[in-house]
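# Need the 3D shape of this:
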Amino acid sequence: MCRLKYLRLILSKPLTTDNNILNGMQWKSFLSTSFIFLKTFNFKFSIQQTSEQDIYDLLNTFKSKWWLKKKRWFVEYDAHQNVLITVPYFASKTFNNHHSYSFGFIQNLEIFYSNINYLNIDLHKYNEFEQILSVSQSVVQPRFPHVTRLSLNGYLTTHVYDKIQNNIDLSMIKHFEFSSTINTTETLIELINNMINLSSIHIQYLHSLDLFIEPLSPNHSIRHLVLFDYEPTTRKQLFYHICRLFPRLTHLTIDYHSREEFCYLLNELAYLEQFTLRLTKDQDAPNYGWIKQYSRLQMNAFELRIFNMTHKGRQLVLWINTTNNMEVHRHRQHHKFKMCSVQ
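Numbering: from 1, shown residues only. Reported below is the predicted structural model:
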């Protein structure tokens, strides 16, 4: 008799639905006699294309009291991968409303929702997402209690915001991505303010200046900022407010415009560890010697590399040794950097 306590099985070769490996009753008979010490059993079995009725029949073999009450092992069908899985171990951690979800196959909605840590919502397809939220009214709110990364694309209305606030624990969000060409600043600010543990923001938003000009107090918890597709004529004001609002940034990614603005951001953001610039194919990027001469990095070791990006121009990445950053920051007022002011 085997004294095995933990068992995990992954079969990538698709099985036909009449295979005993996919039968919960067969597993119960086998495990309850040969593996009586087994505490944890997780599996992922690929299935050949079959009918919905066959899937329901398979899932029903895993619904006995032995599976659900005694062992508390839960089995689901993942339609995207066409696999039979135990949850939450093999359950998906991402949710994207571009995909269609067969909620009729899901045996335990709370396990499904609670396992999601990345939520990607295309607001152009919001109706589909709202239908998903109305699948079961009995699910404990918020439906998504463990989402740490939230991505929204499109027009953020107050109705959508209310739904998000009611169904997602916003205090868990650490990484937020947003892209839109429509002005939705007021609602967006309210959403961000409720993400009290946010540390990373990725914004592709034409009206970014409106977003950053309103908050009065610096936010010391934001360490990563990616900013694209803002109105070009506002960038000097925008860069000023970025430095004012996020003085503890360690990672910044933006489009490259000029050496003057590059130098301004580099000198003002004393905690930067990585500065990434998106370049067009024809832009002349600052070189190592120029940066050493005209920026605060006279006093820091740094590394500079330029990467060719497929169909997207080039990318300049600056890695900074931050050992002396605080020393530089304290004495910066005594050191005049030429060519680096933003009017």
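# Name the residues that touch the biggest strand by length in the chain?
Determined from DSSP state E, the single longest strand within the chain is strand 6-15. The list of residues contacting strand 6-15 from outside it, by CB atoms under 8 Å, 6 or more residues apart in numbering, reads 21-22, 35, 38-48, 82, 89. No exception for glycine: its C-beta is placed from N, CA and C like everyone else's.
# mind listing what the closest residue in space to L58 that isn't next to it in sequence touches?
In space, and not counting its chain neighbours, L58 is closest to L22: 5.4 Å by CB to CB, 6 or more residues apart in numbering. The contact partners of L22, taken as CB under 8 Å, 6+ apart, are 15, 45, 47, 58, 61, 84.
# now, which of those lie within helices?
Among these, the residues falling in helices (DSSP state H) are L58.
# Which one (most neighbours) among the contacts of L22?
Sorting those by how many neighbours each has (other CB atoms under 10 Å) puts L84 first, at 25 neighbours.
# My read is that it contacts N42, right?
No. L84 is beyond contact range of N42, at 11.6 Å (criterion: CB atoms under 8 Å).
# And the strands in the stretch 151-300 of the chain?
Along the stretch 151-300 of the chain, the segments classed as strands by DSSP state E, counting those that start in this stretch run 175-180, 200-205, 224-228, 251-255, 274-279.
# Kindly report the same for the stretch 1-150 of the chain.
Going by DSSP E, counting those that start in this stretch, the stretch 1-150 of the chain shows strands at 6-15, 40-47, 74-78, 83-87, 94-96, 118-122, 149-153.
# Could you identify which of these has the lowest mean pLDDT?
Across the strands of the stretch 1-150 of the chain, strand 94-96 has the smallest mean pLDDT, namely a mean of 87.
# Partner strands of it, with direction?
strand 118-122 (parallel) (DSSP bridges).
# any idea of the angle the strand it pairs with forms with strand 149-153?
Computed with axes from the mean of the first three to the mean of the last three CA atoms, to 10 degrees, the direction of strand 118-122 lies at 10 degrees from that of strand 149-153.
# what comes up buried for strand 118-122?
Neighbour counts over strand 118-122 (16 or more other CB atoms under 10 Å) mark 119-122 as buried.
# separation between the residue lying closest to E273 once chain neighbours are set aside and S200?
Counting by CB to CB, 6+ apart, E273 lies nearest to T250, which is 4.6 Å off, once chain neighbours are set aside. For T250, the distance to S200 (CB to CB, to the nearest Å) stands at 10 Å.
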